[in-house]
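# Output the structure for:
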Amino acid sequence: MNTRQDRRITRRHFGVQLGALAAGFTAGSLAHAAEGGKRPDFVVVTGGDKLSKLDASYQRIKKATDRIGGLKSFVAGKHVLIKVNAIDQKTGKGSTSIEAMQALVKLSKESQAASVSVISHDWGFDTKHPCGRTVRQGVREVGARLIHMKEEPGPYKPVKVDDGGWGTIWIAPAILRPNTVLINLPRLKTHPFTCFTCCVKNQMGLTCYMRGFHSADDKAQQEKWTALPQKMAAAYQHIFRDKWTLHVVDAQEPTFGWDGPPPERVRTFKAHTTIVGFDALAIDVYAAGIMHDLEPKLFVEPLSNWTQGDGPYPTNNLTKDNYLLACAKRGLGETDLGKLKIDKLTI
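Take a look at the predicted model:
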């Protein structure tokens, strides 16, 4: 992988400014034109600033999934598990928005899913979001089931992973059920200790010992943040990469400074965007570029050395590495966005 070349391609394809985000990305700035019906690697849908957040999220998800064959082609007759972020116990701004979650549940039901459940092992299901509701309330409103995984080994299935510093990873057994579709629904945001979090990192909430990803052991007894890049990449390679059916990024209001680091404080910006595709790493490179190009002096480049610079993110990066690069070095996805077909649509 040529990091310098990847960074140059990344910069060329992102070109994001706040005004363009608020109004919808300028034509051609972030995507290739559609090519004769060929299925894109991922789809970026913007717009909906005049709609309710629920309606806008629904229309963006539907338009994106229609472009790749329709959500029905993936979920009809199957048990759908929607993996959300629900980590934020303070503001809800670090968790998947209730509107995006409800929109995906609604569309899954309309697409004849046999059942729809929202799943995660996080702690923010009962935190009030800016809309005044909690994730738990939102799930109940749309008639889905909430699977709230906890740090209790009994409900999990141990899987041997002799790689990246792992011995055993305890994973949620629901994702192993026959006839089950797992959909990733992360919120686009920064992270106080790893710089960035989106698709790849959202796998943590499907394991018993989430802190095991940044520990020297499997059960999170010995904290070691420098272990995270290789543990993240190994878990994705050996378990989760093949479990995900789709990745749906909630970028209605991406978040800077979630839970730190100082002097950053939680703040969102209106992007009115949803990203849908199959390659978590490619989408993460693209999505991290949105954050970098919006705040180039503050936030890291997607494929750069995340320890270089004196800004709050590299300074507070406890991993001393870039876990996206760790995944790339294992060949777990495409990082050269110039090689991908990326469709840009609007509603």
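
# residue contacts, the nearest residue to residue 263 once chain neighbours are set aside?
Among residues not flanking residue 263 along the chain, residue 312 sits closest, at 6.6 Å (C-beta to C-beta, 6 or more residues apart in numbering). C-beta coordinates here come from the backbone N, C-alpha and C atoms, glycine included. The contact partners of residue 312, by C-beta atoms under 8 Å, 6 or more residues apart in numbering, come to 260, 261, 262, 263, 264, 298.

# Just the buried subset of those, please.
261, 264, 298 (16 or more other C-beta atoms under 10 Å).

# Check those residues for the minimum pLDDT and say which it is.
Scanning these for pLDDT, the low point is residue 261. It has 78.

# Point out where this structure drops to low pLDDT.
Counting by pLDDT under 70, the chain has low-confidence residues at 1-37.

# Going by residue numbers, what spans are helices in it?
3-14, 18-23, 53-67, 72-75, 98-110, 135-141, 228-235, 280-294, 312-315, 323-329 (DSSP state H).

# Put together a markdown table for those helices, with distance to residue 336 on each row.
Output for the helices of the chain, formatted as a markdown table (distance: least, C-beta to C-beta, whole Å):
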| stretch | distance to residue 336 |
| --- | --- |
| helix 3-14 | 6 |
| helix 18-23 | 23 |
| helix 53-67 | 22 |
| helix 72-75 | 26 |
| helix 98-110 | 28 |
| helix 135-141 | 36 |
| helix 228-235 | 18 |
| helix 280-294 | 9 |
| helix 312-315 | 23 |
| helix 323-329 | 10 |
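
# Mind checking those helices for the one nearest to residue 151?
Taking C-beta to C-beta, helix 228-235 is the member of the helices of the chain nearest to residue 151, at 16.5 Å.

# CSV for the contacts of residue 312, including distance to residue 331?
Output for the contacts of residue 312, formatted as CSV (distance: C-beta to C-beta, whole Å):
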residue, distance to residue 331
260, 33
261, 31
262, 37
263, 38
264, 33
298, 31
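
# between those, which is nearest residue 49?
Among the contacts of residue 312, residue 298 lies closest to residue 49 (C-beta to C-beta), at 24.4 Å.

# Show me what the longest strand seen in the chain packs onto, helices and strands only.
Among all segments of the chain classified by DSSP state E, the strand with the greatest residue count is strand 244-256. Packing contacts for strand 244-256, counted by 3 or more C-beta pairs under 8 Å, 6 or more residues apart in numbering; DSSP states H and E, involve helix 53-67, helix 98-110, strand 180-185, strand 187-191, strand 267-268, strand 273-277, helix 280-294.

# Now render these as JSON lines, adding distance to residue 207 and mean neighbour count.
Shown next, in JSON lines, are the helices and strands packed on strand 244-256 (distance: least, C-beta to C-beta, whole Å; neighbours: other C-beta atoms under 10 Å):
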{"stretch": "helix 53-67", "distance to residue 207": "26", "mean neighbour count": "22"}
{"stretch": "helix 98-110", "distance to residue 207": "20", "mean neighbour count": "24"}
{"stretch": "strand 180-185", "distance to residue 207": "13", "mean neighbour count": "23"}
{"stretch": "strand 187-191", "distance to residue 207": "17", "mean neighbour count": "27"}
{"stretch": "strand 267-268", "distance to residue 207": "28", "mean neighbour count": "16"}
{"stretch": "strand 273-277", "distance to residue 207": "23", "mean neighbour count": "27"}
{"stretch": "helix 280-294", "distance to residue 207": "16", "mean neighbour count": "26"}
